[in-house]
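J.: Build me a model:
(chains A and B)
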2 protein chains.
Amino acid sequence: MSKGLPARQDMEKERETLQAWKERVGQELDRVVAFWMEHSHDQEHGGFFTCLGREGRVWMYCRLYRTFERFRHAQLLDAAKAGGEFLLRYARVAPPGKKCAFVLTRDGRPVKVQRTIFSECFYTMAMNELWRATGEVRYQTEAVEMMDQIVHWVQEDASGLGRPQLQGAPAAEPMAVPMMLLNLVEQLGEADEELAGKYAELGDWCARRILQHVQRDGQAVLENVSEGGKELPGCLGRQQNPGHTLEAGWFLLRHCIRKGDPELRAHVIDKFLLLPFHSGWDPDHGGLFYFQDADNFCPTQLEWAMKLWWPHSEAMIAFLMGYSDSGDPVLLRLFYQVAEYTFRQFRDPEYGEWFGYLSREGKVALSIKGGPFKGCFHVPRCLAMCEEMLGALLSRPAPAPSPAPTPACRGAE
Amino acid sequence: MSKGLPARQDMEKERETLQAWKERVGQELDRVVAFWMEHSHDQEHGGFFTCLGREGRVWMYCRLYRTFERFRHAQLLDAAKAGGEFLLRYARVAPPGKKCAFVLTRDGRPVKVQRTIFSECFYTMAMNELWRATGEVRYQTEAVEMMDQIVHWVQEDASGLGRPQLQGAPAAEPMAVPMMLLNLVEQLGEADEELAGKYAELGDWCARRILQHVQRDGQAVLENVSEGGKELPGCLGRQQNPGHTLEAGWFLLRHCIRKGDPELRAHVIDKFLLLPFHSGWDPDHGGLFYFQDADNFCPTQLEWAMKLWWPHSEAMIAFLMGYSDSGDPVLLRLFYQVAEYTFRQFRDPEYGEWFGYLSREGKVALSIKGGPFKGCFHVPRCLAMCEEMLGALLSRPAPAPSPAPTPACRGAE
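T.: Predicted coordinates for the structure are as follows:
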């Protein structure tokens, strides 16, 4: 492909490709939503788990109902409301305490509680979207109260999460924590000046904490660092998770857009998009590894070389957002590369939805469509966001913004 | 191979094969012990974890020192004693409470505590062997006190383990619990009439509880059943672990030998040796699957189709013990089949010890030799026991006992 200013012909071809992907993505979104509507409403046996699935689904259904004309039907909103009421009634393990269960029985009894903030974060997302879709204030009250509890756990006192402090356990910060919190800041602040203002400082704090995970003179993003931002000893410190880094990448890109900070954006593209892609993409079989070791030792996670669906959905979002925002064609080519692999390997043309777990070589390793960590969430979120971004790109008056030669381009060829 | 009474020629060939395997196994045991002696003494960085490793090693070193002429050297016993003293000083998280850490830092601070009985079980094994190897009574006192605590947790009150009782969590009994306890009964009762008597009833209780995991009219051994011995709903209830079943199999075989119960023995061979082998052996690539679903649904564990070292070492012990005890040649052939696969796929001819984690196809998926769950334990235990059993078989006056046509033979061809 040409690298200079695109000729008219090239641009038209580019638009055709974008258009083709927009259609592919949109059709796939319809199939995926149809899958969940058909199979998961009140038939939650044999592999359809409740908690993350339900919270993810509440958020997703509301989002689709609210932002896509073709999903604006009562069935979707009713299902989301039913899910939301279930969560209000049963999610909390010991009300009025705010700790939520990770898995509930069909009739709402807690099966499993994680000693982290993540169930509560998904709860907050669900309640905030439910408020946006229905206008009912009690959902928003729930969301904000839970958010304040989560912030307290993260910044003040984590003892309420129930994890014992052991003398030998290093005070590690998983990148997942500030990442997830930044996502909530974006969620709650969307078109809401009051909350955007309330959480602005928290958003900056999250971004700073995430950026602390860039280590080794910018050559590696590490999943766990000390609270002071230093590399930790041993395999915990060397652990890398390319999909997580790419997901953090697009959370940070949204943050940069909100802040209007192109310098930070270039850094984020370089470290959170290009770096994990170049280190994490399997040169032999394609796809992103699940875990890696920064010193190229063997990771201790048995599933390290498997290809999971969500790193690929997050990479699609990250590269398309990076391209939409910077205009750098390298990022568009990477979007195509990841999207081709993802649609070829993860889609199930027969029954719909995506497979979640492939072997290193790309064969389906687990045939489940739903599980403790896979529900109606990552796949439709990716498809919906990509459809929107592709639509926005196509509706821009041509030509696409001429790419400034940002540092992001260096070394990406 | 002939199935009738063996001719003189066949028997000689059989002895040659047994002899060849005895030599292979013995040489491998030497290499494995040499590996751990060279690499793990006070150099515990980069992949050599402490707690299970150390407890397993203490037990293993003492056992080898005590029962093998060629391992009766001070270096082994000194290393075991140093490990034992470390455990006495640091293993317990909050003395005088008996809960032990699962992982400790090099200088003895707890990193991780499991809310199960297993760290304490390995502690008990280590202390009992240390007493046997050194004659120092304080080790045995430790072992017996810990054993009584474990029995209390299992039979009376599990709250000391720290796992919260959740309303929706089914009261499931993992087979691992009575299995591990039966192993301790065997360990403490070995050549010790007083303790054998003290724990005789407990041994029977454990055997009964393990046998409750045989479900579906004897067609499946399930890893988790209700306390009353019924199948549990969902994927938890359908979960199968062929390696675990085979390991339970040889624990039960020892129990049958002690009790002199050939009827139970036939049942154990049928359900805990042949059944998991026939359902769990991969017909395409060989090797035992890690997890299976009794209804042939897809397991939810990402690593379900991987080939792990320990199910294979346990299968080797189980089949050789089954053959030694019953004389059924089907079991000897299965021992050969498993041992051939195991030596071909898991041995590392270059650096010693075995690889622990292969892909479904048999490629090395993780190159680590030690990890949170792999130390100096399963491999040398298997090799030492197999060497002893092969030696005993070879020293028997020919012919081997004529096999009674037990139900074990049915369907095994």
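
J.: Quick one: name the residues of the stretch 201-350 of chain A near chain B.
T.: A:234-235, A:297-300, A:302-306 (C-beta under 8 Å from any C-beta of the partner chain). Just so you know, the C-beta spots here come from the backbone N, C-alpha and C atoms, and that holds for glycine as well.

J.: Can you give me the domain boundaries for chain A?
T.: A:15-44+A:173-392, A:47-160 (the TED database).

J.: For the stretch 101-250 of chain A, which segments count as helices?
T.: A:118-134, A:137-151, A:176-189, A:193-198, A:200-211, A:234-238, A:242-259 (DSSP state H, counting those that start in this stretch).

J.: Could you save the ones you listed as a markdown table and add columns showing mean neighbour count?
T.: Output for the helices of the stretch 101-250 of chain A, formatted as a markdown table (neighbours: other C-beta atoms under 10 Å in any protein chain shown):
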| stretch | mean neighbour count |
| --- | --- |
| helix A:118-134 | 24 |
| helix A:137-151 | 18 |
| helix A:176-189 | 23 |
| helix A:193-198 | 13 |
| helix A:200-211 | 19 |
| helix A:234-238 | 20 |
| helix A:242-259 | 24 |
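
J.: Turn those into TSV, including distance to residue A:21.
T.: Listed next are those as TSV, based on distance: least, C-beta to C-beta, whole Å:
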stretch	distance to residue A:21
helix A:118-134	26
helix A:137-151	34
helix A:176-189	25
helix A:193-198	32
helix A:200-211	29
helix A:234-238	36
helix A:242-259	17
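
J.: got a markdown table for those helices, with mean pLDDT too?
T.: Converted to a markdown table, those look like this (pLDDT from 0 to 100):
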| stretch | mean pLDDT |
| --- | --- |
| helix A:118-134 | 96 |
| helix A:137-151 | 98 |
| helix A:176-189 | 98 |
| helix A:193-198 | 97 |
| helix A:200-211 | 98 |
| helix A:234-238 | 93 |
| helix A:242-259 | 97 |
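
J.: Out of the ones you listed, which is closest to residue A:280?
T.: helix A:242-259 (2.8 Å; C-beta to C-beta).

J.: tell me how far the closest one is from the chain's mean position?
T.: On the basis of C-alpha atoms, centre = their mean, to the nearest Å, helix A:242-259 sits 9 Å off its chain's mean C-alpha point.

J.: Check which helices and strands the helix or strand following that helix sits against.
T.: Heading C-terminal from helix A:242-259, the first helix or strand you meet, by DSSP states H and E, is helix A:262-268. Packed against helix A:262-268, as judged by 3 or more C-beta pairs under 8 Å, 6 or more residues apart in numbering or on different chains; DSSP states H and E, are the following elements: helix A:242-259, helix A:309-326.

J.: How about the contacts made by the residue lying closest to residue A:196 once chain neighbours are set aside?
T.: Take residue A:196 and drop its neighbours on the chain: the residue closest to it by C-beta to C-beta, 6 or more residues apart in numbering or on different chains is residue A:189, 3.4 Å away. Listed by C-beta atoms under 8 Å, 6 or more residues apart in numbering or on different chains, the contact set of residue A:189 reads A:195-196, A:199-200, A:203, A:258.

J.: will you turn the residues of the stretch 201-350 of chain A next to chain B into TSV that also has secondary structure?
T.: Listed next are these as TSV, based on DSSP: H, G, I helix; E, B strand; the rest coil:
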residue	secondary structure
A:234	helix
A:235	helix
A:297	coil
A:298	coil
A:299	coil
A:300	coil
A:302	coil
A:303	coil
A:304	coil
A:305	coil
A:306	coil
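
J.: Give me the buried entries from those residues.
T.: Neighbour-count burial (16 or more other C-beta atoms under 10 Å in any protein chain shown) is assigned, among those, to A:234-235, A:298-300, A:302-306.

J.: quick one: residue A:107 and residue B:70, what's the gap?
T.: Residue A:107 sits 62 Å away from residue B:70, going by C-beta to C-beta, to the nearest Å.

J.: mind listing what residue A:142 touches?
T.: Contacts of residue A:142 (C-beta under 8 Å, 6+ apart): A:88, A:123, A:127.

J.: wouldn't the last one be in contact with residue A:84 here?
T.: This points to residue A:127. Yes - assessed by C-beta atoms under 8 Å, residue A:127 is found in contact with residue A:84 at 7.0 Å.

J.: which residues do these two both contact?
T.: residue A:139.

J.: quick revisit: got the contacts of residue A:189 as a markdown table, with distance to residue A:289 columns?
T.: Below are these laid out as a markdown table (distance: C-beta to C-beta, whole Å):
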| residue | distance to residue A:289 |
| --- | --- |
| A:195 | 37 |
| A:196 | 36 |
| A:199 | 34 |
| A:200 | 36 |
| A:203 | 30 |
| A:258 | 31 |
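
J.: Count the residues that sit near the spatially closest residue to residue A:275 that is not a sequence neighbour.
T.: Spatially, and ignoring its direct neighbours in sequence, residue A:275 is nearest to residue A:221 (6.3 Å; C-beta to C-beta, 6+ apart). For residue A:221, the neighbour count with other C-beta atoms under 10 Å in any protein chain shown is 28.

J.: same deal with residue A:219?
T.: 11.

J.: Test for you: state the pLDDT assigned to it.
T.: Looking at residue A:219, its pLDDT stands at 97.

J.: what does residue A:163 give?
T.: Confidence score, pLDDT, at residue A:163: 87.

J.: How about it, nearest residue that isn't a chain neighbour?
T.: The nearest residue in space to residue A:163 (C-beta to C-beta, 6+ apart) is residue A:115, at 4.1 Å.

J.: Give me every residue in the stretch 51-200 of chain A that's in contact range of chain B.
T.: A:93, A:101, A:103-105, A:108-113, A:162, A:164, A:166-169.

J.: Let's see the ChimeraX selection covering just the buried ones among the residues you listed.
T.: The ChimeraX command for the buried members of these (criterion: 16+ other C-beta under 10 Å) is given here:
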select /A:93,101,103,104,105,110,111,113,166,168,169
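
J.: if you look at the residues of the stretch 51-200 of chain A next to chain B, which of them are in strands?
T.: A:103-104, A:110-112 (DSSP state E).

J.: residues touching the closest residue to residue A:257 other than its chain neighbours, list them.
T.: Of all residues beyond its chain neighbours, the one nearest residue A:257 is residue A:325 (6.3 Å), with distances taken as C-beta to C-beta, 6+ apart. Counting by C-beta under 8 Å, 6+ apart, residue A:325 touches A:253, A:256-257, A:265.

J.: for residue A:110, same thing?
T.: Residue A:110 neighbours (C-beta under 8 Å, 6+ apart): A:90, A:93, A:101, A:103-104, B:166-169.

J.: Would you mind putting these into CSV with pLDDT and distance to residue A:365 alongside?
T.: What follows is the contacts of residue A:110, written out as CSV (pLDDT from 0 to 100; distance: C-beta to C-beta, whole Å):
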residue, pLDDT, distance to residue A:365
A:90, 91, 33
A:93, 93, 33
A:101, 91, 28
A:103, 84, 22
A:104, 83, 27
B:166, 88, 30
B:167, 87, 34
B:168, 86, 29
B:169, 87, 28
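
J.: Include distance to residue B:184 when you put those residues into CSV, please.
T.: Shown next, in CSV, are the contacts of residue A:110 (distance: C-beta to C-beta, whole Å):
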residue, distance to residue B:184
A:90, 40
A:93, 34
A:101, 34
A:103, 32
A:104, 36
B:166, 28
B:167, 32
B:168, 32
B:169, 26
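
J.: Nearest to residue A:246, out of these: which one, please.
T.: For the contacts of residue A:110, the nearest to residue A:246 is residue A:103 (27.1 Å; C-beta to C-beta).

J.: Hmm, residue A:119 and that closest one touching each other?
T.: No - at 9.1 Å, residue A:103 does not count as touching residue A:119 under the criterion of C-beta under 8 Å.

J.: starting at the chain centroid, how far to stretch A:264-278?
T.: 16 Å.

J.: can you check stretch A:116-130 too?
T.: 14 Å.
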